[in-house]
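A.B. asks: Okay, structure incoming, though there's no sequence with it:
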């Protein structure tokens with residue numbers, strides 16, 4: 001049950017691999033009216049979609065699953081998000097209605113501190129679950145994220161037309177898609193301080209802000225005032241495909257743990273990820289060209305708490321100097 005861009009990318013990848021490798025598999029996705037599935041390339045994934053917000057879709061889902069069981073299918077209910085009580089109760093309801101045979105989950109707790117048997121990217125964790133359930137092995141390439149949609153030539157041409165020729169680009173995305181969270185985003189004042197340092201260190205670079213957060217416009221105005229209009233790159237709102245292509249052109253991307261982070265990871269963009277409170281399991285695998293930055297001094301493990309609390313990680317506690325050093329290191333080392 002999900003809406004976000006990052007969830008769309010991850011679950012589409014999981015479903016695509018399962019459909020490709022498991023014989024006679026059909027994929028059913030029950031989602032919170034996510035707008036992103038309209039982008040999905042049918043050649044990448046052929047699935048059945050039902051929306052949680054519409055009672056008619058729930059009735060259709062139950063009827064569809066009953067039909068599949070009569071045809072001899074075994075039905076597995078798997079959550080995309082660990083620890084989602086809503087998702088668990090929905091799957092429990094479907095099992096009670098005899099629509100599914102098994103519920104698959106690895107964490108049913110909503111606790112302050114949740115520990116995992118070794119942190120791992122959520123996408124990889126789901127593939128390993130499928131291996132355990134069906135007693136087979138995915139191929140190494142199956143563990144690489146892919147874009148679940150196509151980038152058209154018109155998208156590429158538009159992005160190229162708005163980019164400064166031959167100039168390196170540093171992009172900021174300090175916001176989180178987790179509404180109401182005080183611990184996943186980086187503050188505007190820290191973004192401005194970082195922009196001043198980066199502008200002095202890399203005067204030829206253009207600095208911009210990406211995203212659709214309500215605070216973006218105000219941050220862009222302040223960035224332009226602080227580093228000057230000549231160093232600030234003012235970009236219009238882009239489609240998801242255009243954003244994906246743009247991220248492949250960016251020199252360094254400074255981002256929260258977010259949907260654009262997943263797109264940038266696929267595009268092999270150099271990234272400084274502001275991890276903060278996010279579970280380690282959500283972070284992309286560490287590789288050359290990706291630096292995950294965490295606040296210092298927090299003695300509890302990541303908790304995904306929405307409210308700031310003493311001792312718990314928060315992206316807002318990450319120091320500007322640490323991000324600046326990470327960007328400088330990414331700048332001089334190839335991805």
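C.D. replies: Yes, it's here. Just so we're clear, the structure is a prediction, and the values are computed from it rather than from any experiment.

A.B. asks: all strands of the stretch 1-150 of the chain, in order?
C.D. replies: Using DSSP state E, counting those that start in this stretch, the strands found in the stretch 1-150 of the chain span residues 28-31, 48-51, 76-78, 102-104.

A.B. asks: Let me have these in JSON lines, adding mean neighbour count as columns.
C.D. replies: For every residue, glycine as well, the C-beta is placed using N, CA and C. JSON lines is the format used below for these (neighbours: other CB atoms under 10 Å):
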{"stretch": "strand 28-31", "mean neighbour count": "20"}
{"stretch": "strand 48-51", "mean neighbour count": "16"}
{"stretch": "strand 76-78", "mean neighbour count": "20"}
{"stretch": "strand 102-104", "mean neighbour count": "15"}
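
A.B. asks: Show me what residue 49 bridges to in the sheet.
C.D. replies: Taking DSSP bridges, one finds residue 29 as the beta-bridge partners of residue 49.

A.B. asks: For it, give me its contacts.
C.D. replies: Counting by CB atoms under 8 Å, 6 or more residues apart in numbering, residue 49 makes contact with 29, 31, 37.

A.B. asks: Could you check how far it is from residue 177?
C.D. replies: Computed as CB to CB, to the nearest Å, the residue 49 to residue 177 distance reads 20 Å.

A.B. asks: again, but for residue 289
C.D. replies: Going from residue 289 to residue 177 by CB to CB gives 23 Å.

A.B. asks: do residue 47 as well
C.D. replies: Shown here: residue 47 relative to residue 177, a distance of 22 Å by CB to CB.

A.B. asks: now residue 212
C.D. replies: Look at residue 212 and residue 177: by CB to CB, they are 9 Å apart.

A.B. asks: More neighbours: which of these two?
C.D. replies: Higher neighbour count among residue 212 and residue 177: residue 177, with 20 against 12, using other CB atoms under 10 Å.

A.B. asks: check contacts around the nearest residue to the more buried one once chain neighbours are set aside.
C.D. replies: Excluding the flanking residues, the one nearest residue 177 by CB to CB, 6 or more residues apart in numbering is residue 4, at 4.7 Å. Contact criterion CB under 8 Å, 6+ apart gives 34, 177, 259 as the residues in contact with residue 4.

A.B. asks: How confident was the prediction at residue 4?
C.D. replies: You'll see residue 4 listed with a pLDDT of 86.

A.B. asks: What is the neighbour count of the closest residue to residue 163 other than its chain neighbours?
C.D. replies: Excluding its sequence neighbours, the residue lying closest to residue 163 (CB to CB, 6+ apart) is residue 249, at 6.3 Å. A total of 14 residues lie near residue 249 under the criterion other CB under 10 Å.

A.B. asks: Was I right to think residue 262 contacts residue 6?
C.D. replies: Yes. If you go by CB atoms under 8 Å, residue 262 and residue 6 touch, sitting 4.8 Å apart.

A.B. asks: Among these two, which residue is more densely surrounded?
C.D. replies: Ranked by neighbour count (other CB under 10 Å), residue 262 and residue 6 place residue 262 first, with 27 against 19.

A.B. asks: Surely that one forms part of a strand?
C.D. replies: No. Counting by DSSP: H, G, I helix; E, B strand; the rest coil, residue 262 falls outside a strand, being helix.

A.B. asks: Might you report the residue contacts of it?
C.D. replies: Residues near residue 262 by CB under 8 Å, 6+ apart: 5-6, 9-10, 145, 284.

A.B. asks: so where do the helices sit in the stretch 1-150 of the chain?
C.D. replies: According to DSSP state H, counting those that start in this stretch, the stretch 1-150 of the chain carries its helices in the segments 5-21, 55-70, 85-96, 122-134.

A.B. asks: tell me which of the contacts of residue 49 is nearest to residue 76?
C.D. replies: Taking CB to CB as the measure, residue 76 sits nearest to residue 29 out of the contacts of residue 49, at 13.1 Å.

A.B. asks: correct me, but the closest one touches residue 47?
C.D. replies: Yes. If you go by CB under 8 Å, residue 29 and residue 47 touch, sitting 5.3 Å apart.

A.B. asks: Now for the two: what residues contact both?
C.D. replies: Common neighbours of residue 29 and residue 47, using CB under 8 Å, 6+ apart, are residue 15.

A.B. asks: Next, count neighbours for residue 92.
C.D. replies: Residues near residue 92, counting by other CB under 10 Å: 13.

A.B. asks: Quick check: it touching residue 100?
C.D. replies: No. Applying CB under 8 Å, one finds residue 92 not in contact with residue 100, separated by 9.6 Å.

A.B. asks: Return the per-residue confidence for residue 33.
C.D. replies: 85.

A.B. asks: Can you list phi and psi of it for me?
C.D. replies: phi 60, psi 40 (degrees, to the nearest 10).

A.B. asks: Neighbours of it, how many?
C.D. replies: 11.

A.B. asks: Please consider this matter closed, and thank you.
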